[in-house]
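generate coordinates for the sequence data below:
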Amino acid sequence: MIVLMGLWRFATCLALVALSGTQALDLFENVSLAGGWTVYPIRGIVLENTTVRIACQRNDSVFPDYTLLSPGHSVYSDVVARFKDTPLLQRDDTIKIDKFAQKYEGLWRCTAKVRLPGGIREPIFGPSVAIELAVAPTITQFVAPNTNLSDPVTITCGSPEAKPVPSYMAVVLEKDGTVLKNESGRANVSHTIASVTKGNAGRYTCVAENKAGRSSRTEYFVVQYVPVTTILNMNVTINQTENITFSCQSNGVPDAAITWLLEGKVVKTSDKVNSTLMITSATKEDSGTYTCQGRNDAGFHSDEVVLQVRAPPEAPEKPYAQNTTNVSITVAWIAGSDNFSPIKGYEVRYRERGSDIWLYARNFSDAAGATTVQLIEGLRPLTDYEFRVRARNAFGEGDYSEIGTLTTHPNAPSVGPMNLTFTNIKAQKVNLFWTLANQSLLAHNEGNITHYEISYNVEGLTAMTSQNTNGVVSMATLINLAKGTNYVVRLYARNSGLYRSPSSNEQSFTTGKTVPGEVSDLQLTDKSEYGFTTTWRKPQDTGGAAVTRYKVEYRFSNKAFKTFAENLTSVSASFTNLQSDTLYTIRVSAINSIGMGLAATRDGRTLNAGKYVVSV
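Purely as a prediction, here's the structure:
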């Protein structure tokens, strides 16, 4: 110890020495400071778990009392700095930290104390030493999210926990060995792709390095896209009992799962990108459209193939009656599927309803072949019959159709109406009355009378007109008849088979007559300054009586009509000695035995004397 001017001279120096394990990463040489201080080092960077000794030293002969204060302790404390109640520094000694940890980071300070006159001791501070724990990088942040084609994506990586970062840290992002980003003094980097392509997929490596160490991590960046699914087979036709295998591949990212469907119904699933579907001992139920659907997170895509299995034909649709009589039925049907082999023939069977015996109406060997119509004769009237049909092709006979029940018509009614009479005979209509047929006299196979048929014609003509009643009634009205015409009428009873009973007695009547209608096509021709000619045609409606004469009238200047001719038998009249350039009105009426009919009129102007006129 050196005593100078009654004072304890003092000096402080800190030394940071790595005693074992990894060496200190960053140590500065001793630095002599003003006032007699020597500092070693000014700053230290130390690996975790390294054994470290911190000492206070003095370069002169004065040996004051030293106290080493750890980070966070008061410099005025008279007690020795402690960690967990363990002294870290004795006087004129050192601190030894066996496993340096984060809790030891910070500013360390050494103080010297001297006794002053009066016994007072004052602490005098030496320089601080910053000791920092160095943490080697570990890639804990690496985001390379899977994404779809054309989507934007940002890939980020780094080691936010590494220390120190500024000027000591470097982070590199590579793809398949090519550097994308190289950043210094940062704990992480990011790389943005505006529109992802398949070429962006690959191995991305993140490398982080500082003075404490180096770390790397590789991630595979996946670009997702909808799979392309392809069935390797073409459309195919096979025979029943044969085998067929379909193969399908679906290429996409991520790998697609494959689903096989038949006509939209799932028949097999697979998590493989290549899948097969085997059909053994094929039947007609295996025919249809097969779909191979590949699906992944990006979407799905399908391909199709058609399988046709040749087999016996399907059953025809239920037979129906194309034509029916009281003793025959023409049966028709719609063919079922031929199951990809042409139908060669049909078998048609029938029986009376309630019978156990099926009769053949047609065999496969019949000349009718594949036609879908068959006439069955020799049946009983008003009887129910059951029919069934099946088809045959090169692979055998198909199933029978659903049974169709058809009924023959009844025989014609043997009893007809009686006492046909006419009332209220008018020019164009007449009322008919009759006595109904006695249905109790009908045989069973004649059925029931359902309505009556009125058949009539103009006397002397063969063309017949028929009118059916609405149900079983005893009266009807005929309308739209010709005036003054003789008609002959016959009346029949009809049943559900549309057969007619014997006719009632033939009866006749004559419609009434009326005055004739207007003459037609009234014209004014051969116009001159003083006259013209009038022509016309006989009325279409003569009123049922012959037109015997015509009455012709005229007027001008809206004056009263004057008679030109009253008993004219021709269909024209010539007017002379008229006034020129004057408007005349001509009126013509037809007359029959009943009287004079409605008049037809026509206006016309004579020509202007000395002037040519094209038309009126």
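
pLDDT weak spots in this structure?
1-44, 53-95, 108-129, 164-170, 610-616 (pLDDT under 70).

quick one, helices of it?
For the chain, applying DSSP state H gives no helices.

any idea which residue sits dead centre in it?
Centroid-nearest residue in the chain: residue 264, 14.3 Å away (criterion: C-alpha atoms, centre = their mean).

let me see the contact set for residue 280.
Residue 280 is in contact with residue 243, counting by C-beta atoms under 8 Å, 6 or more residues apart in numbering. C-beta coordinates here come from the backbone N, C-alpha and C atoms, glycine included.

how near is it to residue 243?
Distance check for residue 280 against residue 243: by C-beta to C-beta, to the nearest Å, it reads 5 Å.

neighbours of the nearest residue to residue 452 once chain neighbours are set aside, how many?
Excluding its sequence neighbours, the residue lying closest to residue 452 (C-beta to C-beta, 6 or more residues apart in numbering) is residue 469, at 4.6 Å. Number of residues near residue 469 (other C-beta atoms under 10 Å) recorded here: 17.

is the closest residue to residue 424 other than its chain neighbours bridged to anything, and to what?
Once flanking residues are discounted, residue 424 sits nearest to residue 431: 4.7 Å by C-beta to C-beta, 6+ apart. In this entry, residue 431 is beta-bridged to residue 423, residue 477, by DSSP bridges.

touching, residue 431 and residue 422? I think so.
Yes - with contact defined as C-beta atoms under 8 Å, residue 431 counts as touching residue 422 (6.9 Å).

between these two, what contacts are shared?
With C-beta under 8 Å, 6+ apart, residue 431 and residue 422 have no common neighbours.

the residue nearest to residue 452: what's it in contact with?
451-454, 476.

how much space separates it from residue 436?
Taking C-beta to C-beta, one finds residue 469 at 11 Å from residue 436.

do residue 215 as well
On the measure of C-beta to C-beta, residue 215 and residue 436 end up 114 Å apart.

same thing with residue 352?
Look at residue 352 and residue 436: by C-beta to C-beta, they are 33 Å apart.

compare those two (neighbour count), which wins?
Neighbours were counted for residue 352 and for residue 436 using other C-beta under 10 Å; residue 436 has more, 16 against 13.

looking at it, the more buried one is touching residue 415, isn't it?
No - using C-beta under 8 Å, residue 436 makes no contact with residue 415, being 9.8 Å away.

what is in contact with these two at once?
Joint contacts of residue 436 and residue 415 (C-beta under 8 Å, 6+ apart) do not exist.

residue 303 reaches residue 292, doesn't it?
Yes - taking C-beta under 8 Å as the definition, residue 303 is a contact partner of residue 292 at 5.3 Å.

with neighbour numbers in mind, choose between these two.
The neighbour comparison of residue 303 against residue 292 (other C-beta under 10 Å) goes to residue 292, with 28 against 18.

tell me which residues touch the closest residue to the more buried one other than its chain neighbours, please.
Once flanking residues are discounted, residue 292 sits nearest to residue 248: 3.6 Å by C-beta to C-beta, 6+ apart. The neighbours of residue 248, taking C-beta under 8 Å, 6+ apart as the test, are 229-232, 258, 260, 274-277, 292, 294, 303.

kindly reformat those as a markdown table containing distance to residue 567.
Formatted as a markdown table, those follow (distance: C-beta to C-beta, whole Å):
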| residue | distance to residue 567 |
| --- | --- |
| 229 | 101 |
| 230 | 101 |
| 231 | 99 |
| 232 | 103 |
| 258 | 105 |
| 260 | 101 |
| 274 | 110 |
| 275 | 107 |
| 276 | 108 |
| 277 | 103 |
| 292 | 100 |
| 294 | 103 |
| 303 | 97 |
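
closest to residue 151 out of those residues?
Of all those, residue 294 has the smallest distance to residue 151: 20.5 Å, by C-beta to C-beta.

count of residues packed around that closest one?
Neighbours of residue 294 under the rule other C-beta under 10 Å: 27.

start at 791, not 1
Fine by me, first position is 791 from now on; the one you just mentioned is residue 1084.

you'd agree residue 1098 is up against residue 1128?
No - counting by C-beta under 8 Å, residue 1098 stays clear of residue 1128, with 10.8 Å between them.

more neighbours: these two, which one.
More neighbours surround residue 1128 than the other of residue 1098 and residue 1128, with 20 against 17 (other C-beta under 10 Å).

measure the more buried one to residue 1200 for me?
Distance of residue 1128 to residue 1200, computed by C-beta to C-beta: 39 Å.

do the same with residue 1015
Distance, residue 1015 to residue 1200, using C-beta to C-beta: 76 Å.

contact partners for residue 1052?
Counting by C-beta under 8 Å, 6+ apart, the residues that residue 1052 touches are 1076, 1078-1081.

for these, which one is nearest residue 925?
Nearest member of the contacts of residue 1052 to residue 925, counting by C-beta to C-beta, is residue 1081, at 57.6 Å.

quick check, that closest one in contact with residue 1055.
No - Residue 1081 lies out of contact with residue 1055 (C-beta under 8 Å); the separation is 9.8 Å.

higher neighbour count, the two?
Taking neighbours as other C-beta under 10 Å, residue 1081 and residue 1055 compare with residue 1081 leading, 21 against 9.

tell me the contacts of the more buried one?
Contacts of residue 1081 by C-beta under 8 Å, 6+ apart are 1050-1052, 1054, 1092-1094.
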